[in-house]
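**Q** next comes the sequence, and after it the predicted model I'd like to discuss.
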Amino acid sequence: MADLWNIDPIPFVGKQDVKEGLGFRYFQPDKIVSGKPMADWLRFAVAYWHTFNQRLVDPFGAGTAQRPYDTFTDPMDLALAKVDHAFEFYRKLGVKFFCFHDRDLAPEGDTLRETNRNLDRVVDHVAELQAESGMTLLWNTSDLFTNPRFEAGAATSPFAKVHAYAGGQLKHSLEIAKRLGAQNYVFWGGREGYENLWNTDLKREQDHIATFFHKAVDYAHEIGLDAQFLIEPKPKEPTTHQYDFDAATAIAFLKTYGLDGDFRLNLEGNHANLAGHTYQHEIRVARAAGMLGSLDANQGDKLLGWDLDEFPSDLYETTAVMWEVLDEGSIGPRGGLNFDAKPRRTSFTAEDLFRSHVVGMDAFAAGLLVAAKMHEDHYIEDLVVERYGSYDSGLGARIDAGTASLAELEAESLDVPQANLLAATRPDHLESLKATVSNYIVEALAQA
Ligand code: XUL
Ligand code: CO
């Protein structure tokens, strides 16, 4: 194939000078870390929407992006050319997975039938290049938020015809998932929320989206689609109140409607921050419920309160994420790290798409190396075991087993002087513990 990006495949350069940012310092796909090749722990995916469609607009200005397919004017020619560029991008970057929304791939027609026809032409081309390249579809999804028809929601729209349209769109996306062998199928709630309760029947809207998910599960069974369904929580943007606010809210919703057996979660760093959580918190909550599915890899900006979708570069955060993943044994049965991220407006060249992915991949590879070292040393695990040790025997063990009555707890406590109770706890030296993690980052990477 012609050199569509005018760039060499990204090499591993280790600690050599990589000022240009077009080489990996830490990501070595075949390097064995904690018993598995790095590539198996990390399963990086490129997000079609940000990488190939995003023009780097912001609310105050037009896009700055320069892309090698900007010369195509016919929308279908452009759509097909983007697929060629996408697969060449994956190869040069060295990623094995990709993700897309239906509407990322092809322009809409006048009717759903016409839209599907456009989409299928492009999906044919994706299927051809997938067969040639061996790329895996980490997940696909339906864009149920961009088109004006979804102004008041899709599955939760107050208007039955809009819900129906969303269902029709979903059906076709599930067929594409089946055709391309998707590992997962994602639902991000987009406009599934509300602005104001005076005009909203919250219970009815939640019932409707639950029905929508049940129909998706039924149809997947009908067509033999073997993909893991995922919900991607996000607290705000675009609506004030999103029904899938955070991991805990999404888990409660899934359990309420009997969907927890069929769904897991796709968790995103920037979304976690918008919900007032850390990325690690969201992952731990999902793990505790046995519902960690996959990860959208990005980060927010501490000073700006919206969804910036920055490429991950914060090693403290990637270490925490990979700590959770190592403890879990994988990101999820079929999970990966999808770069739901875009370069900043000032990084507008085509090469910057490579550079920014290199930053994200290296940040996670570094996080993996550090977390692996921490697990090897067992310092944190031992500390946590010791912290909860009082539940291992005697009264604590009876509390743990749920057999201690309140009367027993009262008898135990009535005559204990306050000072003795503080002595029964254990100081954490929390500041030192945080420094321990920072020291691991410095030292593990110095040795890497
Ligand atoms: C939006 C977001 C989406 C989902 C897929 O904030 O994260 O791109 O990942 O619809
Ligand atoms: Co996302």
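**A** Cool, the structure landed. Ligands and ions are numbered 1, 2, ... in the order given.

**Q** need the residues of the stretch 201-350 of the chain near ligand 1, please.
**A** Residues of the stretch 201-350 of the chain lying close to ligand 1 by CB under 6 Å from any ligand atom are 232, 234, 268, 296, 307, 340. From N, CA and C alone the C-beta is placed, and that goes for glycine too.

**Q** in TSV, list those along with neighbour count.
**A** Shown next, in TSV, are these (neighbours: other CB atoms under 10 Å):
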residue	neighbour count
232	24
234	27
268	27
296	28
307	19
340	24
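
**Q** among these, which are located in strands?
**A** Among these, the members found in strands (DSSP state E) are 232, 268, 296.

**Q** residues in contact with the residue in the stretch 301-448 of the chain positioned nearest to ligand 2?
**A** Residue nearest to ligand 2 within the stretch 301-448 of the chain: residue 340 (3.6 Å; CB to the ion). Going by CB atoms under 8 Å, 6 or more residues apart in numbering, residue 340 touches 47, 50, 268, 296, 297, 298, 309.

**Q** and it, how close does it get to residue 392?
**A** To residue 392, residue 340 is 42 Å away according to CB to CB, to the nearest Å.

**Q** the protein - how does it break down into domains?
**A** Here the domain parsing of the chain from the TED database is 32-377, 380-447.

**Q** who touches the residue in the stretch 151-300 of the chain that ligand 1 sits nearest to in this structure?
**A** Nearest residue of the stretch 151-300 of the chain to ligand 1: residue 188, at 3.5 Å (CB to the nearest ligand atom). Residue 188 is in contact with 141, 231, 232, 234, 244, 266, counting by CB under 8 Å, 6+ apart.

**Q** got these as a markdown table, with distance to residue 324 columns?
**A** Listed next are the contacts of residue 188 as a markdown table, based on distance: CB to CB, whole Å:
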| residue | distance to residue 324 |
| --- | --- |
| 141 | 24 |
| 231 | 18 |
| 232 | 17 |
| 234 | 19 |
| 244 | 20 |
| 266 | 14 |
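
**Q** reformat those residues as JSON lines; add distance to residue 158 and pLDDT.
**A** Putting the contacts of residue 188 into JSON lines (distance: CB to CB, whole Å; pLDDT from 0 to 100) gives the following:
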{"residue": "141", "distance to residue 158": "23", "pLDDT": "99"}
{"residue": "231", "distance to residue 158": "22", "pLDDT": "98"}
{"residue": "232", "distance to residue 158": "23", "pLDDT": "98"}
{"residue": "234", "distance to residue 158": "21", "pLDDT": "98"}
{"residue": "244", "distance to residue 158": "18", "pLDDT": "98"}
{"residue": "266", "distance to residue 158": "27", "pLDDT": "98"}
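
**Q** okay if I get the residues you listed as a markdown table plus distance to ligand 2?
**A** Shown next, in a markdown table, are the contacts of residue 188 (distance: CB to the ion, whole Å):
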| residue | distance to ligand 2 |
| --- | --- |
| 141 | 9 |
| 231 | 11 |
| 232 | 5 |
| 234 | 8 |
| 244 | 12 |
| 266 | 7 |
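
**Q** what is the nearest of the ones in strands among the residues of the stretch 201-350 of the chain next to ligand 1 to residue 261?
**A** Using CB to CB, residue 232 comes nearest to residue 261 of those, at 18.6 Å.

**Q** surely the closest one touches residue 264?
**A** No: in this structure, residue 232 is not within contact of residue 264 by CB atoms under 8 Å, at 10.6 Å.

**Q** near ligand 2, which residues of this structure show up?
**A** 268, 296, 340 (CB under 5 Å from the ion).

**Q** same thing but at 8 Å, please
**A** 47, 186, 188, 232, 234, 266, 268, 271, 296, 298, 309, 338, 340 (CB under 8 Å from the ion).

**Q** contacts made by the worst-scoring helix or strand of the chain on mean pLDDT with the rest, please.
**A** One helix or strand of the chain scores below all others by mean pLDDT, DSSP states H and E: helix 418-423, with a mean of 80. Residues outside helix 418-423 that contact it (CB under 8 Å, 6+ apart): none.

**Q** before we move on, what about stretch 27-47?
**A** Under the criterion CB under 8 Å, 6+ apart, residues 12, 86, 89-90, 93-100, 138-139, 296-297, 322, 325-326, 330-331, 335-341, 357-358, 360-362, 364-365, 368-369, 372, 375-376 lie in contact with stretch 27-47.

**Q** filter these to the buried ones?
**A** 12, 86, 89-90, 93-100, 138-139, 296-297, 322, 325-326, 331, 335-341, 357-358, 360-362, 364-365, 368-369, 372, 375 (16 or more other CB atoms under 10 Å).

**Q** give me phi/psi at residue 409?
**A** phi -60, psi -40 (degrees, to the nearest 10).

**Q** so what's the residue count around it?
**A** 13 (other CB atoms under 10 Å).

**Q** please apply the same query to residue 174.
**A** Neighbour tally, residue 174, other CB under 10 Å: 23.

**Q** same check, this time on residue 4
**A** Other residues near residue 4 number 17, with proximity taken as other CB under 10 Å.

**Q** same deal with the one 4 residues further on?
**A** If you count neighbours by other CB under 10 Å, residue 8 ends up with 11.

**Q** gap between the closest residue to residue 69 other than its chain neighbours and ligand 1?
**A** Computed as CB to CB, 6 or more residues apart in numbering, the closest residue to residue 69 that is not its neighbour in sequence is residue 81, at 4.5 Å. For residue 81, the distance to ligand 1 equals 23 Å [CB to the nearest ligand atom, to the nearest Å].
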